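J.: Any chance you can model this:
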Amino acid sequence: MGTTQLESVQEPKYWHLKTVLSEALDSDFAVGEILPNERELAARFGVARATLRQALEQLELEGRLQRRRGVGTTVAPPRVGVAVSTAQHDWTGGGAGEAWQSADCRTAAAPAAVAGMLDVAGDEPVHIVRRIRLTHGQAVAAELLYVPAASVPDLSAIETPSGPARARSVVRELHRLGLDGQDRSVELGSARADDAKELDRLPGAPVLVVTTRYLAAGGTAAVSVATYRADTCRLTFGDSGDLEISHDDRTQQAS
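T.: Predicted coordinates:
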C-alpha cells in the first residue's frame, strides 16, 4: 500500500481513507491476511490513529475486515449469499441439504411479542429450538424457533426433554404439517451475548434480525427469530416483493 495526501480532501478524512484502504484490500491483500498494526498503517498514510480507527471500523461494518481476538485485523472473505427460504409453502431448512444445525431445545414461555404471534397465553410453555445456520462451514445465523405443543401433538414424551436430539425431533414433527404460507420481517439489530458467541461477534455488533411466522391449519404453527451476521450477509428486496440475498454480482431469490 502506498501513501496518499489527505489534507486537501473535502470529505471526512476517515471516509476517504476507507476508500483508499478498500482499494488496497482488493489489490494488495489476500483473504485472511493480517493487516499491519495501527501504528504502521497510520504512519504509512500520514493520518492520526483515531482517523485510521474510524476507517477500519467502517470497513469492518461493511464486511471487508474481521477483527479476531488474539490474531488481529484480517481481510474478510466476500459476503455470503444465503437463501432465507426456498418457497412460500416450504419449511426453512427441510431438505437433505439442510443448512441449519440443531443445537438445543428447551421448554419455556415465549417472549410476549412471540406469544402474541403464536396466539398462546404469555405463561404457556412452548418448545424453543436453537439452531445455527452454516454456509461454507461458517456460522452466519443463529435462530430461535418457537413451536407450541399444539403444532407437534405426536411428539414423544419419552424422548430426552432437551438437547440436539430433542430439537431435531421437534423440527421433524413440525415439518409434518402442511404449510399454508409464511410472512417475514427484517430489521437491523444488535447482537445479544448468546448470539454473538455463536456467530463469533462481539455483543452489540450489528446484525439482521429476520422474524418469520409459519402459517398452517388456519393459524400460526411456529415463529422463527433468526439473527444474521450483518457483515457477511446482504439482504435486498426484489421488484416482486420476494426477499433476495446478494452475493458479489449474483442475486438469489428467496420467496
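J.: Spit out the contact partners of the nearest residue to Leu35 once chain neighbours are set aside.
T.: Leaving aside its sequence neighbours, Leu35 sits nearest to Thr73 (CB to CB, 6 or more residues apart in numbering; 4.7 Å). C-beta coordinates here come from the backbone N, C-alpha and C atoms, glycine included. By CB atoms under 8 Å, 6 or more residues apart in numbering, the residues touching Thr73 are Ile34, Leu35, Leu56, Glu60, Leu65, Gln66, Arg67.
J.: Please check these and keep the buried ones.
T.: The neighbour count (16 or more other CB atoms under 10 Å) marks Leu35, Leu56, Glu60, Leu65, Gln66 as buried among the contacts of Thr73.
J.: Switch these over to a markdown table; also include pLDDT, distance to Ala112 and secondary structure.
T.: Output for the buried ones among the contacts of Thr73, formatted as a markdown table (pLDDT from 0 to 100; distance: CB to CB, whole Å; DSSP: H, G, I helix; E, B strand; the rest coil):
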| residue | pLDDT | distance to Ala112 | secondary structure |
| --- | --- | --- | --- |
| Leu35 | 91 | 44 | coil |
| Leu56 | 90 | 39 | helix |
| Glu60 | 82 | 34 | helix |
| Leu65 | 85 | 38 | strand |
| Gln66 | 81 | 35 | strand |
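J.: Of these, which is the nearest to Lys18?
T.: Checking the buried ones among the contacts of Thr73 against Lys18 with CB to CB, the nearest one is Leu56 at 8.2 Å.
J.: Roughly how far does the residue positioned nearest the centre of the chain sit from Asp180?
T.: The chain has Tyr228 as the residue nearest its centroid, 0.9 Å off, counting by CA atoms, centre = their mean. According to CB to CB, to the nearest Å, Tyr228 and Asp180 sit 25 Å apart.
J.: go on, Arg44?
T.: Relative to Asp180, and taking CB to CB, Arg44 is found at 59 Å.
J.: for Trp15, same thing?
T.: For Trp15 relative to Asp180 (CB to CB), the value is 48 Å.
J.: before we move on, what about Arg49?
T.: Computed as CB to CB, the Arg49 to Asp180 distance reads 56 Å.
J.: Just the C-alphas of stretch 199-206, formatted as PDB.
T.: Written as PDB, here are the backbone C-alpha positions of stretch 199-206 (Å, rounded to 0.1, in the frame of the first residue of the first chain):
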ATOM      1  CA  LEU A 199     -21.600 -16.000  15.400                       C
ATOM      2  CA  ASP A 200     -18.100 -15.100  16.600                       C
ATOM      3  CA  ARG A 201     -19.000 -11.500  17.000                       C
ATOM      4  CA  LEU A 202     -18.800  -9.000  19.900                       C
ATOM      5  CA  PRO A 203     -22.000  -8.300  21.900                       C
ATOM      6  CA  GLY A 204     -23.700  -5.300  20.400                       C
ATOM      7  CA  ALA A 205     -22.400  -5.900  16.900                       C
ATOM      8  CA  PRO A 206     -24.800  -5.000  14.100                       C
END
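J.: quick revisit: helix/strand/coil for the residue nearest to the centre of the chain?
T.: Three-state call for Tyr228 (DSSP: H, G, I helix; E, B strand; the rest coil): strand.
J.: Is it correct that it is in contact with Ala141?
T.: Yes: if you go by CB atoms under 8 Å, Tyr228 and Ala141 touch, sitting 4.5 Å apart.
J.: Pass me the low-pLDDT residue ranges in the protein, would you?
T.: 1-11, 79-98, 157-159, 234-255 (pLDDT under 70).
J.: cutoff 50 now
T.: 9, 86, 94-98, 238-255 (pLDDT under 50).
J.: Which stretches in it count as strands?
T.: Secondary structure of the chain (DSSP state E): strands at 65-68, 72-75, 100-109, 125-135, 138-147, 181-190, 206-216, 219-229, 235-237, 243-247, 250-254.
J.: Would you mind saying which of these lies nearest Glu198?
T.: Of all those, strand 138-147 sits nearest to Glu198, with 4.3 Å by CB to CB.
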